[in-house]
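this one's sequence-less:
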C-alpha cells in the first residue's frame, strides 16, 4: 500500500527502510536539503501505509558551465538522476519505475533536453532496469569509480553515462545507439 | 559566517593581502592603520580591528565584538559590506548567535539602506540575516516582526499574489486568443501555487480560501489533474482539520474521477492515499449522504475495468475495494458461519489475499484489516485459508513465503489480547484455544506455534539444494518470528522495561539471541535482524557485540537522529568504556552520534535556505526552518550530550564546560524536546492489543522531554560540584567568594528546575533513573537549605527529613539490583543484565557524597568564620550527613564488589561450559535449531564489558 509524493524534510526520519540497506548511502543533511531547496519537484518519495519511506529518487536540472560551451563534452540543459533507491521489501513492485517516470515528468516541466545518470558498468541489474525504461548508454567514462564493485583485483571501474531523450528532444539529438563505443575520461565529465 | 579566514577585498595592496593571509597580525594592524589614515577608508579600520581580535591577548580578542556593539549603540553605518563581512568573521564564536539580531543584523540593515541600489550588497546582507535567522532584520513576515508590521506584510503579500493569480486566470480564460501576450507576473509554477495557498491560508479570510479552491485554474482538483498533488493533499488536510468531511469527499471524488485518461488507469487515479481519504470521508457522511457509498463503489468499478493496469495500480485499487467494504459495509455480521466465510468483508479480504499473497508487503498491507475481523474470521484465515494456499515443497519460494504469511497471521491471532466477563470478573481468554489464561498470552498455544515454526525452519534448513531467495527473504523473518515466541514467553506479552532480567527471562533472551546471531551470520547486514539483535544484546548487557552489529548497518549522518536512540540511549550506563573518547573505536562511535548535530546545526539556519530563496522554492523556504528548529530540539541531540557527559564522569575524563555546549545552552526549561524514533524497520507483527516487541526489548522508555531535561540538570549538578581548579591555580579570597555565590545561585536554579520535570508519569524513565533524579533534586534542596540555615527558625526537622529521604532513596536504589549471595550462573547472568541499575546506584552515591561533602565543608567554613556557634548546622544534622556519606560509601563498596566478582566469574575458564549447560537445561522449543556458534561472540562481548568496567571511577 504505497503512495507517491514530493519529499518533505521530516521524511529523513522515516528513511530507515531504504537507508539501512547496504547499497544505499546516507548523506549529510545538507545534501538532502540542497535538492529539496533547489529542485523540490525532482525529489520524490514513495511512502507506505505506516508513513515509512520505501523508495525515493533525487534529481536535478542543470547544464555545463558556460565556459565549456564550445567543448565537445558540453552538456546542455538536462535533468540528472542523482540517487534512486527502493527498500528491499518493496522491490519488484514497480516502485523504481514509477519514481523514474515521475522524475521524467518533472524534467519535462523544466524543459530539459534529456535525462542522464551514471551507473557502474558491472551493475547489470540497474543497466537492464534503465534500458527497459528507454535509456541507452551515451558514453563510457573510463575508471570513473575508485574501486571495482565485484572484482577485488581491479582498482577502478568504468561508468556508463546513460541517457533518455525528454519531450524537448524531438529529433533524438542527445542520445546515440553506439554509446558503448564512445569513451571519455573522468576529467571530461562536469 | 565563514569561519575560514576570508580574503581581503579586491584593490587591497599585495603587502597587506599577504600579511593577512599569513596571519601576521601585528603587520596587518600596522599596515591597515596606515592605509586607513592615508585613504580615509572605513574598510581598513575594520581590517585593523579584525586583526587585533586575532591576537592572543584576551583583551584584544574582543576588539571586534566591542567595535560592533559600539557601532550599533552610536547608530553608525558601515557602508562597506566587505567590512561588515570581516567583522562577522572576526566575531564568530565570540558573539552569541542570539545577539546577531541586535548587532550585525541592524548593521547590515543600515548598510542596505545607505545604498539601496546596490543589489549585490543587499543580497549578501539578506543572505547573512537569513542564515542567522534574523528575520526582523531580513524584514520577513515572521513572529519576530512586530504584530502590526506582520499584518501589513501579510496583507501586502496577499494582495500581490492574488493579483498575480488573477492575471493567470484571465490569461487562461483567454488562451484562445493567441495574439495576447501572457502577463509577466503571474502564478505559474507549482511552487508559486503552493505559496499562493500558504499566503491565503495564513492571511486570508475563509471566503478568500473558498474563492481559491473554486478557481478553475488553482482549485486542488485542477492542480491534481495536472499532476500536482501537493495542493490537493494540503486542501484535504485543511478540510479534515476543519471537520469538513463533505469537502474532503467532493475533492477526492473530483480528483479520482478525472484521472483515467483513455481508459488507462493513471498513477494519480490509483493513489491509495487519496482513496483512503475518500473512504474515510464517505464513512463520516454516509448517514447524511447515503449516495456517498455508491459513488465510491462506482468509481472503483470504473477504474477496475481499466485496461492494461500496472501491477501496483491494480494492487492499490484492489486494496481500496477491501478498505471500502471494511469501512462502509455493514458492521455487526459474523465473519464466519458454519465454518465458511460469510461476511462480505472477509470474502473481499480473501479475494485480495488470493491475488497478493506472494507479495512481501502483503502482511503489513492487510494487518490492520485482519485485526478488525472477529476472532473466528481471523482464525479462519490463519489456520485454514492461508495454510491451504501454502501447500507444497517448503523449499519453493512461493510456498515458503506463503507459509511465512500464514505463520505471521497465526502469530497476530496469538498475540491478540482478548478479555471476557465472567460475572463481575474480567478474564483473559486465548484467541486460539479459547481457554481462560492467567498470563497476557496463552503459553500453551505460544509453545505449540513455536514448535510448528521450528519444524518449518528446520525443514528449510535441512532440505537439499539451495534457494537463495528462501534463505535471504524467508529464513531471517522466520527466525525472528521464532525468537519473538521465546521473547513473549520471557516477557509474558509485555516486559517491564528497566527491570533486571530474572534468570529464566534471560535464558529465553539468550536463546533468541543465539538463533538470530546464527541467522545474521548467514545474512550479514540484514536490517531487521540487526536491529532486533542490537536491542537484545544491549538488554543482556552485551554492548560490545551490539556495537559490532550496529557498525555494520551503518547508521550515520542524517538518520542518526531518528535511529541513534536504538543503540546509544543508556549505553553509557551499560558499557561506559565502550564509548571512551580515549579509545579510537569509542570515539568513532561517539563521533557518529555527535557530528551530525555539529555539522547540521553549525549556523542557526543552513545555507540551503538561501538556495531555496534563490531557486524560488517557497515551500522549501518554509520547510527548512521548521525542520532545523525541530532538529535543534531533538531528544536524540540532548541524549548525545547526556551520554557523553556520563561516560566522561564515569571514566574520570575531562570534559568541556557544559555551559559552552550548544546542546546545553540552547535548551532552557521552557524548551520542549521532541522524540523521533524510526521504528519502521523493526518487525511489527504483534497484535495492536499488546505492546510492539521493539518497545518490550528496550532497556527502558525512549528519550522524552522530561528525561532529557532531568539528565541535563543532573549533569549540571555534577559539573558544579565535581569541578576542581587546576593545581597551579591559586584562588584569591575574592574569587573564592564569587565561586561560592556562583555555586549557590546555580543550586537555587537547579532546585527550581528539577521539580518541574520530576512531576509526571512514571513510565517515562526507568525506576533507577527516577530514584537518581529524585536524589539529585533532594540534594540540591538540602544544600540550598543548609546554606540559608537559620538556627532561630526551626528548619532542622525539614533537613532531617530530607537526609532520611536520601537514605531511603539510596536503599531503594540498592534494592533495584537482584543480587544473590551465592555464586551461580543465574547470579552472573542477572548481574550482567543489571549494569544500568548498577550505574544508577553509582551515580546516586556520587550525588549524595558530593552534596554531603559540600555541606560539611561549608559548615566548617561557617564555623571558622563565626565562632559564636550560631551559624553552623546542629551537631545531629552534621552527624546525619556523615551517616549518609557512610551509607553511600558502603553502597560504593558493594557495587565495586559486584563488578570484581562478576569479572572473576565471566573470565573464568569454566564460564563457557557452565553457560552451555545452563542454556540447554530443561525443555526449550528452540534447542533443536540454534547452534552454539554464536556463543563465543556473546561471551567475548560480556568479557570486554566487564574488563571495561574496571576503568570506572566509583568515588
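Here it is on my side, so go on. None of the values given here were measured: they were computed from a predicted structure.

ok, residue 72 - how many residues close by?
Assuming you mean chain A. Counted with other C-beta atoms under 10 Å in any protein chain shown, residues neighbouring residue A:72 total 7. For every residue, glycine as well, the C-beta is placed using N, CA and C.

Please refer instead to chain B.
So residue B:72, with other C-beta under 10 Å, has 17 neighbours.

Tell me who's in contact with it.
Listed by C-beta atoms under 8 Å, 6 or more residues apart in numbering or on different chains, the contact set of residue B:72 reads B:102, B:103, B:106, B:107.

Dump those residues into a markdown table; add distance to chain A as well.
Formatted as a markdown table, the contacts of residue B:72 follow (distance: C-beta to the nearest C-beta, whole Å):
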| residue | distance to chain A |
| --- | --- |
| B:102 | 28 |
| B:103 | 26 |
| B:106 | 27 |
| B:107 | 27 |
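
Compute the distance from the centre of the longest helix anywhere in chain A to the centre of its chain.
As assigned by DSSP state H, the longest helix anywhere in chain A is helix A:95-109. In terms of C-alpha atoms, centre = their mean, to the nearest Å, the centre of helix A:95-109 is found 11 Å from the chain centre.

related to what we said a few turns ago, out of the contacts of residue B:72, who's nearest residue B:16?
residue B:107 (23.2 Å; C-beta to C-beta).

May I have the predicted confidence score for residue 6?
Answering for chain A, as no chain was given. With respect to pLDDT, residue A:6 scores 96.

wrong chain, I was asking about chain B
85.

all strands of chain A, in order?
In chain A, the strands defined using DSSP state E lie at A:2-6, A:43-48, A:53-62, A:78-86, A:114-120, A:136-145, A:157-165, A:183-184.

hang on, the earlier thing: from the contacts of residue B:72, which ones fall inside helices?
B:106, B:107.

Tell me, what's the model's pLDDT at residue 53?
All of this refers to chain A. Taking residue A:53 on its own, its pLDDT is 98.

my question was about chain B
Note on residue B:53: pLDDT of 92.

show me the contacts for the residue nearest to it when sequence neighbours are not counted.
Of all residues not flanking residue B:53 in the chain, residue B:64 sits nearest, at 4.1 Å (C-beta to C-beta, 6 or more residues apart in numbering or on different chains). Shown in contact with residue B:64 (C-beta under 8 Å, 6+ apart): B:49, B:50, B:52, B:53, B:87, B:90, B:91, B:94.

between the residues you listed, which is closest to chain A?
Nearest to chain A among the contacts of residue B:64: residue B:91, at 23.7 Å, using C-beta to the nearest C-beta.

Over to that closest one: give its phi and psi.
phi -100, psi 0 (degrees, to the nearest 10).

same thing with residue A:93?
phi -120, psi 0.

residues touching it, list them.
Counting by C-beta under 8 Å, 6+ apart, residue A:93 touches A:2, B:311, B:312, B:315, B:359, B:361.

Now tabulate the residues you listed in CSV and tack on neighbour count.
CSV is the format used below for the contacts of residue A:93 (neighbours: other C-beta atoms under 10 Å in any protein chain shown):
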residue, neighbour count
A:2, 25
B:311, 12
B:312, 19
B:315, 24
B:359, 18
B:361, 18
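
which SS state does the residue most central in space within chain B fall under?
Nearest residue to the geometric centre of chain B (C-alpha atoms, centre = their mean): residue B:676, 2.9 Å. Secondary structure, DSSP: H, G, I helix; E, B strand; the rest coil: residue B:676 is coil.

how far away is residue B:941 from residue B:838?
To residue B:838, residue B:941 is 17 Å away according to C-beta to C-beta, to the nearest Å.

So between these two, which is more surrounded?
Between residue B:941 and residue B:838, counted using other C-beta under 10 Å, residue B:838 has the larger neighbour count: 27 against 23.

and that one, what element?
According to DSSP states H and E, residue B:838 maps onto helix B:835-865.

Which strands or helices does the following helix or strand past that helix pack on?
Scanning forward in sequence from helix B:835-865 by DSSP H and E, the next helix or strand is helix B:875-907. Here helix B:875-907 touches helix B:796-815, helix B:825-832, helix B:835-865, helix B:935-949, going by 3 or more C-beta pairs under 8 Å, 6 or more residues apart in numbering or on different chains; DSSP states H and E.

For those helices, give me CSV that also has mean pLDDT and distance to residue B:778.
Written out in CSV, the entries for the helices and strands packed on helix B:875-907 read as follows (pLDDT from 0 to 100; distance: least, C-beta to C-beta, whole Å):
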stretch, mean pLDDT, distance to residue B:778
helix B:796-815, 94, 6
helix B:825-832, 94, 28
helix B:835-865, 95, 9
helix B:935-949, 98, 28
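
So what's the residue count around residue 27?
Reading this off chain A. Around residue A:27 there are 19 other residues, counting by other C-beta under 10 Å.

my bad, chain B
Residue B:27 has 16 neighbours, counted by other C-beta under 10 Å.
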